[in-house]
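Colleague: have a look; sequence and predicted model below, questions after that.
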Amino acid sequence: MKILIAEDDLASRKFISKMLSVYGECDMAVDGLEAVDAFMISITENIPYDLICLDIMMPKMDGVKVLKTIRNLEEQYNIPPERKVKIIMTTALSETEIIQKSFEYECDAYASKPIDMEKFKEVMQKIGLIE
């Protein structure tokens, strides 16, 4: 599995990377623009991500805008629905409006911080990434 972790907080980024590295190769982005760049590179090199963990509050471009951009790019590149990257939004926020907007832009799941490893595994199972 190829994974992108888009997270501006170093401690969170390291924790999520350590947790997910057992499932595959983890790339990291420290802001929203870097996340979009990494996604574009993966598409143009034809080695797409299977999972993107996307923090909602990031510098340069917030996670909701990144999510919308990624979904628009998938449409432009004619990526069929079953091949779209799975996106799990991560945040310490509990603002239902932001979470609702994320689901409108087709995120696959939401995980609140601090990340609970067992719950995160359940989410990954539910969206079909692991068994």
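Modeller: Cool, the structure landed.
Colleague: give me the distance between the lowest-mean-pLDDT helix or strand in the chain and the centre of its chain.
Modeller: Scoring the helices and strands of the chain by mean pLDDT, DSSP states H and E places helix 96-104 at the bottom, with a mean of 85. Centroid separation between helix 96-104 and its chain, computed with Cα atoms, centre = their mean, to the nearest Å, is 15 Å.
Colleague: can you name the next helix or strand after that helix?
Modeller: Downstream of helix 96-104, the first helix or strand assigned by DSSP states H and E is strand 109-112.
Colleague: adjacent strands (with direction) for that next one?
Modeller: Here strand 109-112 is paired, per DSSP bridges, with strand 86-91 (parallel).
Colleague: what is residue 26 paired to in the beta sheet?
Modeller: residue 3.
Colleague: show me the contacts for it.
Modeller: Neighbouring residues of residue 26 by Cβ atoms under 8 Å, 6 or more residues apart in numbering: 3-5, 17, 20. For glycine as for every other residue, the C-beta is placed from the backbone atoms N, C-alpha and C.
Colleague: adding pLDDT, write the residues you listed out as TSV.
Modeller: Putting the contacts of residue 26 into TSV (pLDDT from 0 to 100) gives the following:
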residue	pLDDT
3	98
4	98
5	98
17	96
20	96
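Colleague: can you give me the strands in this protein?
Modeller: Taking DSSP state E as the test, the strands found in the chain are 2-6, 25-29, 51-55, 86-91, 109-112.
Colleague: which of the ones you listed sits closest to residue 98?
Modeller: strand 86-91 (7.4 Å; Cβ to Cβ).
Colleague: now the closest one against strand 2-6, angle please.
Modeller: 20 degrees (axes from the mean of the first three to the mean of the last three Cα atoms, to 10 degrees).
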